[in-house]
Structures are given as structure tokens and as C-alpha cells.
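Colleague: fold the following for me, if possible:
(2 chains)
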Amino acid sequence: MSILSFRDVSLRYPQRPGLRSAAGDNLVLDSINLQVSSHELVAIIGRSGSGKTSLLNLAAGFILPTSGTIAVDGEPIRGPGADRAVVFQDDALYPWLDARDNVGFPLKLKGVPRAERHERARQLLELVGLGEAGDRHIWELSGGMRQRVGIARALAAEPRFLLLDEPLGALDALTRSRMQEFLLRIQSRSGAGAVLITHSIDEALILASRVLVLSPNPGRLTAEIEAGFSSEILAGTPIERIKASPLFKRLHDGLTSLIHSLPNEEAAA
Amino acid sequence: MTLFTELRPLSRLSDGDEDGRAGDEAPLRARAAPATASTARPVPTAVISAITVLVILGLWSLASAHALVSPVFLPSPRQVLVAAYGLVVTGFVDATLAEHVGASLYRIFGALIASILIGIPAGLAIATSRVGRGILDPIVEFLRPLPPLAYLPLVIIWVGIGEASKITVIALAMLPSIILSTSAGVRSVSKDHVNAARSLGATPRQVLGQVVLPSAVPSILTGIRIALGAGWTTLVAAELVAATSGIGFMIQSAAQFLVTDIVIAGIVVIALIAIVFEYVARLIERRLVPWASHR
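Modeller: The predicted model follows:
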């Protein structure tokens, strides 16, 4: 059982010299408090420009907070690490490696011998339903397949947390809904905690046990909803039936009007 | 002809286009004049190129056959072929064609290896370190626009008149394109690719070796191709002084004795070798970085 925690985390972009702006203008995230434990999937939704991606980059360790602490099991993070593997919107797979070597990449970094690496990669590709695709070039795979390879690669690092940066954002609607269920099953089987960044209210409600709303300018966590549809989906209820349920509709409408009531960055600018 | 391999898919694409249009109009035209409705396929680009070469050879033969130009200045294609055969069998200025070509290739490849060994680390340093860029940028920018003939005398004063000075001059001409293409390739690495590796547990050294360098390979290979071009250009200049063999030296000596057929044969040999190089370089590129066109 691991816990990823944000304590009073703020992020301010460095003041550019010669560009004197009003105080607070460059504040991206303001006093974020958040706890994610393993086995749970937390979704963060918000409009573009609300600082969602900055929040994920902080969790990944790509950037460091201006103030506050981000910690895994009480240990403050100082940079990126294999305990928090990121899945990117644009897959970020390496085109010079085939699918198998992409999945085996984190193991290669650890110095795992080739044969063992291939065996583990084969298992993971099978887990994501791509058992036959090990020899394929990345560019021969469809968007959905690539994203599955990306998830398998992240799992190969045996992370305690999966950081999902709109991983299904670039997929077409049909592939996307298939991938949602897939992602849910993989995450629950892996036992890793997950943070999902998305701008789709549907997706957040379907996948997450908790949905957090990030309001823009500066980014603050303003609302939290216990969704819990994900356990029904894991139990076998089709996503379409869940989406048709009155509770889902009520939560969806509530979240939609909440997000619309938040200050709009485009309107303010 | 090999130079046009890249263009072929394009022309094939437009072929298909023409076919489609011709097909659409066929029923209309067929009614008016059935005989002319045949599908007129556009001539492939390679055929046009072949015709161009043949026409030039034909004009050349005609000009020399009617002695429009003195044979001293323009020997006939036949004479050039005979001279080329003589080059292969008996040679010219104490060496056969193979020996001249061998001496030149030795210089070109010696220079290429030297400039790769220096250029790739230098390009890496420029792209990854502020200090490295500060040190190397002015040197590269100074060297890049200089014509090799300008620094040839200085190199001879410093390095002497042996093989070393020839290789040095050619390597200096090759160096800027390898350095610049390496640093451009390194700088073009995708930020997501780097971040993915870091989040999967890569150390900075692993990021460099497993992500940054592989993604710079296509750009480096392009740089090497450009460098080879610069190398051939410089070769003749490098063999101007104190050489006793080499294809450039051979052309120079032939020109001094007004043996024009050898001069022309030598030029054609250089062109053919350069075309073969280009072709091989592309083959290597396709084998080594098939993914470069799919980024």
C-alpha cells in the first residue's frame, strides 16, 4: 500500500525580468492538497489552462513545486523515477525500437538480461492484448495499439503509481470507449494507484473512484466527487448501461454546470 | 539514374491520378472517337532522364564527328572510352585507374572517419552544454564558410606535403556539416521521449545513450552524406599539391599535357563514384533508420 501525497503544493512560473505583471498572475497551482493510494484511480478534470498538466508534471517530478511537498510514502520526491511511470497523450514510444523492446525499455535501464527482458515484455504485451505484435514496428500500429504498448511499457517499470496524461485523448470515439474499460481492468490488476488527467467528464466518471475538479487561474482543487462506477464496470456492467443510469446523468450534469460556472480563462483574457 | 529513386513514388502517384481521370472521361471520348481513347500513360521520369543523357551523348558525338570543335578540346565519346580502357589496363602517370581511385578513396574515407570521430562528440557538446556551445560555435562558424583552397597552403605549411595534409584538408571540409547535423539532431529530440525515459528510471547518461543519440541518427546520416559531397569537392584541391596519385591528381596532370580524353574520363569516374556513394548511403539509411520517415 503506497500513498502519493501533495501537501500545500504551489507552483509559480519564474517571473520574467522586464515583464512586471500583477502579483499572482504567474501562479499556476495554488495550495494543492491531494492523496492518492494504490488500487485507486483518481481523475482530475478541468478546462485547458487550468494547470492539469502542470499538476501531473509535478507528480512525475519533471518540475519541482515552488512551495509545499510532494511525497511517495512520506519520502519527498526530488525528480522523475520509475515508481511513478507516465503514460503520455502522444504515446512517446521510441520508433527505433519494436513493440517488444519498447515494453522492455525500463528493464533494459535496470540492466535486466535480454532473454528475461523479452520474456517479461511478451507477458506484458499479452496482458494488453498484443501478444502477436512484439516484432511490429511502432509506426505499423494503430493509435489504440500504440497506447496499449505505452501502458505495457509503464507497467514494465513496476511503478507504484501510473500517471496518465490524457492517454486516450488522441483516439477516435469508438477506440476510446473500448480503451476505457481496458485501462480500468489493467490498472486494477496491476495494483498501482493512478492519476488520470482528462478533460472528458464522461471518462472521469467512468474510470475514477474519485473525481477532482481543478478550477483555473490559479489552479485550485475546488470539488471532489466519489464516483464509484468503476467497480460496477469491473464487475461486468457494460459502460453504455452505466452511462444511461439516472445517477450517472445527475453527476454528469452536476459536474458540467460546475465546470461552466468556474471562471473561464479565455473569457478573462 | 539512382539519384531519382526518391522521385519515383511521386511520379507513380501522379500516374494513378492521370489514370483515374482518363478512366472517367473514357466513355465520353469513346463515343466521339473510339480510336483515340487509348490510355496514354505519361512517360516515367527515369525514361526522360535516360533520353536526356542519350541526347547529350548524341550531340557530343555529332560535334566531334563533324569536327565542330578541335579534337584536342573535345575528343569523341569513342576516344574517351578508349582512353578509359587504357586507364584501366595500362594507367596514366605511373598508376592504373584502380590505383588512382584507391588513393583517392583512402583519403576520402580517412577524412570521413576522422571527421566523424571529432564531429559527433563536438556536435553533442554544442547541443547539450552551454560551455561546449560557447567554445565550439565560433570555431565551426569560422570554418564553415571557408573554401578549402584558402586554408590548403596553411595546412601544408603545418602538416607537410604527405598524406596527412590531404586527409586534414578533406576532413576540415567535412567537419562542419557533421558537427552541425549532429547538434541539430540532438536538439530535435522529442521532449516526451526524454521525459518518458526519465519517468521510467533512466539516468542522465542513459537518456543520452538510449534516447538522445538514437533520435539524432537520421540527422547525423544526412550530415555524413553532405560531408561526402564536400569531400569530393575538396579532393581535387587537396591533390593539387605534391600528389603522385589520386583521381584528382590524374585529371590535373592530364590537363597539363592537354590529354583531354583522360580529363573527361576522370571526371566521369568521379561522377560515377559519387553516384554510387549516394546510393549506398541511402541504402544504409533505409536499413539503419527505417523509422525516420515515420516520425
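Colleague: what count of nearby residues applies to the nearest residue in space to residue A:122 that is not next to it in sequence?
Modeller: Leaving out its chain neighbours, the residue that sits closest to residue A:122 by CB to CB, 6 or more residues apart in numbering or on different chains is residue A:134, at 6.2 Å. For every residue, glycine as well, the C-beta is placed using N, CA and C. By other CB atoms under 10 Å in any protein chain shown, 20 other residues sit near residue A:134.
Colleague: how much space between residue A:134 and chain B?
Modeller: When CB to the nearest CB, to the nearest Å is the yardstick, residue A:134 and chain B sit 16 Å from each other.
Colleague: for residue A:252, same thing?
Modeller: Going from residue A:252 to chain B by CB to the nearest CB gives 31 Å.
Colleague: now do the contacts for that residue.
Modeller: By CB atoms under 8 Å, 6 or more residues apart in numbering or on different chains, the contact list for residue A:252 reads A:201, A:202, A:205.
Colleague: after the helix or strand that the second one is a member of comes which helix or strand?
Modeller: Using DSSP states H and E, residue A:202 sits within helix A:201-207. Using DSSP H and E, the helix or strand that follows helix A:201-207 towards the C-terminus is strand A:210-215.
Colleague: residues in contact with residue A:204?
Modeller: If a contact means CB under 8 Å, 6+ apart, then residue A:204 has A:43, A:44, A:45, A:196, A:198, A:211, A:227, A:255 as its contacts.
Colleague: over to the last one. Which of the three states is it?
Modeller: Translated: residue A:255. helix (DSSP: H, G, I helix; E, B strand; the rest coil).
Colleague: verify the stated contact: it with residue A:198.
Modeller: No. At 11.8 Å, residue A:255 and residue A:198 do not qualify as touching, with contact defined as CB atoms under 8 Å.
Colleague: mutual contacts of those two, please.
Modeller: Shared contacts of residue A:255 and residue A:198 (CB under 8 Å, 6+ apart): A:45, A:204.
Colleague: want to throw the contacts of residue A:252 into a markdown table with pLDDT and distance to chain B?
Modeller: Compiled in a markdown table, those are given as follows (pLDDT from 0 to 100; distance: CB to the nearest CB, whole Å):
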| residue | pLDDT | distance to chain B |
| --- | --- | --- |
| A:201 | 91 | 26 |
| A:202 | 90 | 25 |
| A:205 | 92 | 27 |
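Colleague: how about stretch B:44-61: buried residues?
Modeller: residue B:60 (16 or more other CB atoms under 10 Å in any protein chain shown).
Colleague: could you check how far that stretch is from the centre of its chain?
Modeller: Put simply, stretch B:44-61 sits 22 Å off its chain's centre (CA atoms, centre = their mean, to the nearest Å).
Colleague: the residue nearest to residue A:122 belongs to a helix?
Modeller: No. Note on residue A:134: no helix contains this position according to three-state DSSP, which reports coil.
Colleague: what's the following helix or strand after the longest helix along chain A?
Modeller: Using DSSP state H to define each element, chain A has its longest helix at helix A:173-190. Note on helix A:173-190: by DSSP H and E, the next helix or strand toward the C-terminus is strand A:193-198.
Colleague: quick check: residues of the stretch 101-250 of chain A near chain B?
Modeller: The stretch 101-250 of chain A comes close to chain B at residues A:105-106, A:108-110, A:137-139, A:153-154, A:156-157, A:163, as judged by CB under 8 Å from any CB of the partner chain.
Colleague: mind redoing it with 6 Å?
Modeller: Among all residues of the stretch 101-250 of chain A, those adjacent to chain B (criterion: CB under 6 Å from any CB of the partner chain) are A:106, A:109, A:139, A:157.
Colleague: the last one and residue A:190: what is the separation?
Modeller: Here the distance between residue A:157 and residue A:190 works out to 11 Å (CB to CB, to the nearest Å).
Colleague: for the second one, same thing?
Modeller: Between residue A:109 and residue A:190 the distance is 19 Å, computed by CB to CB.
Colleague: ok, now the first one?
Modeller: Noted for residue A:106: a distance of 14 Å to residue A:190, by CB to CB.
Colleague: what about these two, which has more around it?
Modeller: Under the neighbour definition other CB under 10 Å, residue A:106 and residue A:190 were set side by side, and residue A:106 has more, 27 against 18.
Colleague: surely the more buried one and residue B:200 touch.
Modeller: Yes. Here residue A:106 lies in contact with residue B:200, judged by CB atoms under 6 Å, at a distance of 4.2 Å.
Colleague: shared neighbours, the two?
Modeller: When CB atoms under 6 Å, 6 or more residues apart in numbering or on different chains defines a contact, the residues bordering residue A:106 and residue B:200 alike are residue A:157.
Colleague: what does the pLDDT read for the residue nearest to residue A:209 when sequence neighbours are not counted?
Modeller: Nearest non-adjacent residue to residue A:209, counting by CB to CB, 6+ apart: residue A:40, 5.0 Å away. The predicted local confidence for residue A:40 comes out at a pLDDT of 91.
Colleague: report the residue spans of chain B with pLDDT below the cut-off.
Modeller: With pLDDT under 70 as the threshold, chain B has low-confidence stretches at B:1-39, B:295.
Colleague: what sits closest to residue A:41 if chain neighbours are left out?
Modeller: Distances taken as CB to CB, 6+ apart place residue A:194 nearest to residue A:41, at 4.3 Å, with adjacent residues excluded.
Colleague: quickly list what that neighbour is bridged to.
Modeller: Here residue A:194 sits in beta bridges with residue A:41, residue A:162, as judged by DSSP bridges.
Colleague: what about it, neighbour count?
Modeller: One way to gauge burial is a neighbour count; for residue A:194, by other CB under 10 Å, it gives 28.
Colleague: residues contacting it?
Modeller: Taking CB under 6 Å, 6+ apart as the definition, contacts of residue A:194 comprise A:41, A:162, A:187.
Colleague: output those in TSV; the columns should cover neighbour count and distance to residue A:64.
Modeller: What follows is those, written out as TSV (neighbours: other CB atoms under 10 Å in any protein chain shown; distance: CB to CB, whole Å):
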residue	neighbour count	distance to residue A:64
A:41	24	25
A:162	24	21
A:187	23	27
